[in-house]
Structure formats: C-alpha cells, structure tokens
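# the following comprises the amino acid sequence and a computationally predicted model.
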Amino acid sequence: MTIRIVQLGSPRAQSEGLRIGTVRRPPRGVPKAEFASRNYYDVWYPELSPEPETMQVALESHRLADHGDATQADKLWKSFDKTFRKQLAEAPAARTLDLLAALSHQTNFAIGCYCDNEARCHRSILRSLLQDRGAAVAP
C-alpha cells in the first residue's frame with residue numbers, strides 16, 4: 001500500500017486509489033462533476049495547500065527562475081519551504097499528515113497539485129513530511 005504523489009490531471013496509475021487534490025482552488029473551466037473523470041481529484045482537500053500569501057512567494061521564485069535569476073529564485077523557494085513547513089506543523093494539518101501516513105500502510109491513494117515540476121511544488125514538501133512520518137510513499 002502506498003501514497004502516490006501526482007500531478008493533478010495526469011493519467012492515473014493502476015491501483016492508484018482515491019486521488020486527493022491538495023490545491024487551494026478547483027481546476028478552472030472544468031465542471032465539478034468531471035473532476036474525477038478528468039483525473040484531477042476525487043476529494044478536494046485545500047487544507048494541505050499553501051496559504052495564498054505563502055503561495056505568492058513560490059510563484060515569485062518560479063518567475064525569477066524563468067528569467068534566469070536562479071540565486072534569488074532559490075532564496076525565495078527556501079523561504080517558501082520554511083513557511084509552508086511551519087504551516088503544516090500546526091494542527092489540524094499535522095494531524096492530517098499523521099493520518100495520511102498511517103493510512104498509507106492500509107490502502108493506496110494519491111495526493112497532488114497542478115504544478116508541472118514537483119521539485120518546485122508544495123507536493124515535494126508534502127512528500128518529505130509524509131516520509132518523515134513513516135508513510136509508504138511511491139517513488
């Protein structure tokens with residue numbers, strides 16, 4: 001049994017199980033009735049997504065990286081990482097991560113976000129925190 005960390009909207013893996021969207025907003029232009037059939041998510045759980053102000057820091061790091069300022073982009077990403085981890089250390093997010101880690105040993109499911117690059121996405125931080133809690137996380 002494992003947790004898969006996925007890009008929402010990507011094809012589902014065989015035996016993936018329930019897909020949880022850890023995003024602040026539903027996909028634009030997609031009717032709610034089609035979220036699951038279009039491989040976005042079965043359950044929306046924005047409590048594991050960054051607060052809007054925190055997310056702005058990550059988006060600015062992406063913008064700087066795209067414009068060739070890797071040093072400043074890395075500094076902002078580290079700031080985002082630190083702030084988001086602090087948010088997830090508080091209840092109820094910390095209890096949710098504990099629950100997901102425990103469930104990963106009982107059933108298959110996936111969590112995800114829309115971002116193309118997991119390395120610069122909050123789901124990379126979720127992966128790390130779940131692994132720290134002993135979750136069974138697919139590579």
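Nice, I can see it. The shown structure was predicted, so the numbers you read here are calculated from the model rather than taken from an experiment.
# any idea how far the residue lying closest to residue 15 once chain neighbours are set aside is from residue 12?
Nearest residue to residue 15, sequence neighbours excluded (CB to CB, 6 or more residues apart in numbering): residue 108, at 5.5 Å. Yep, even glycine has a C-beta here, placed from its N, CA and C like the rest. Residue 108 sits 11 Å away from residue 12, going by CB to CB, to the nearest Å.
# alpha carbons only: can I get the longest helix anywhere in the chain in PDB?
Selection of the longest helix in the chain by residue count, based on DSSP state H, yields helix 70-89. Taking Å, rounded to 0.1, in the frame of the first residue of the first chain, the C-alpha atoms of helix 70-89 are listed here in PDB:
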ATOM      1  CA  ALA A  70      18.500  31.300 -10.100                       C
ATOM      2  CA  THR A  71      20.100  32.600  -6.900                       C
ATOM      3  CA  GLN A  72      17.200  34.800  -5.900                       C
ATOM      4  CA  ALA A  73      14.700  32.100  -7.000                       C
ATOM      5  CA  ASP A  74      16.500  29.600  -4.700                       C
ATOM      6  CA  LYS A  75      16.400  32.000  -1.800                       C
ATOM      7  CA  LEU A  76      12.600  32.600  -2.300                       C
ATOM      8  CA  TRP A  77      12.000  28.900  -2.700                       C
ATOM      9  CA  LYS A  78      13.800  28.200   0.600                       C
ATOM     10  CA  SER A  79      11.700  30.900   2.300                       C
ATOM     11  CA  PHE A  80       8.500  29.300   0.900                       C
ATOM     12  CA  ASP A  81       9.700  25.800   2.000                       C
ATOM     13  CA  LYS A  82      10.300  27.100   5.600                       C
ATOM     14  CA  THR A  83       7.000  28.900   5.800                       C
ATOM     15  CA  PHE A  84       4.900  26.100   4.400                       C
ATOM     16  CA  ARG A  85       6.500  23.500   6.700                       C
ATOM     17  CA  LYS A  86       5.700  25.800   9.600                       C
ATOM     18  CA  GLN A  87       2.100  25.900   8.400                       C
ATOM     19  CA  LEU A  88       1.900  22.200   8.200                       C
ATOM     20  CA  ALA A  89       3.400  21.700  11.600                       C
END
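# contacts for the helix or strand just after it next, please.
Note on helix 70-89: by DSSP states H and E, the next helix or strand toward the C-terminus is helix 93-103. Applying CB atoms under 8 Å, 6 or more residues apart in numbering, the contact partners of helix 93-103 are 3, 45, 47-48, 87-88, 109, 111, 126, 129-130, 133-135.
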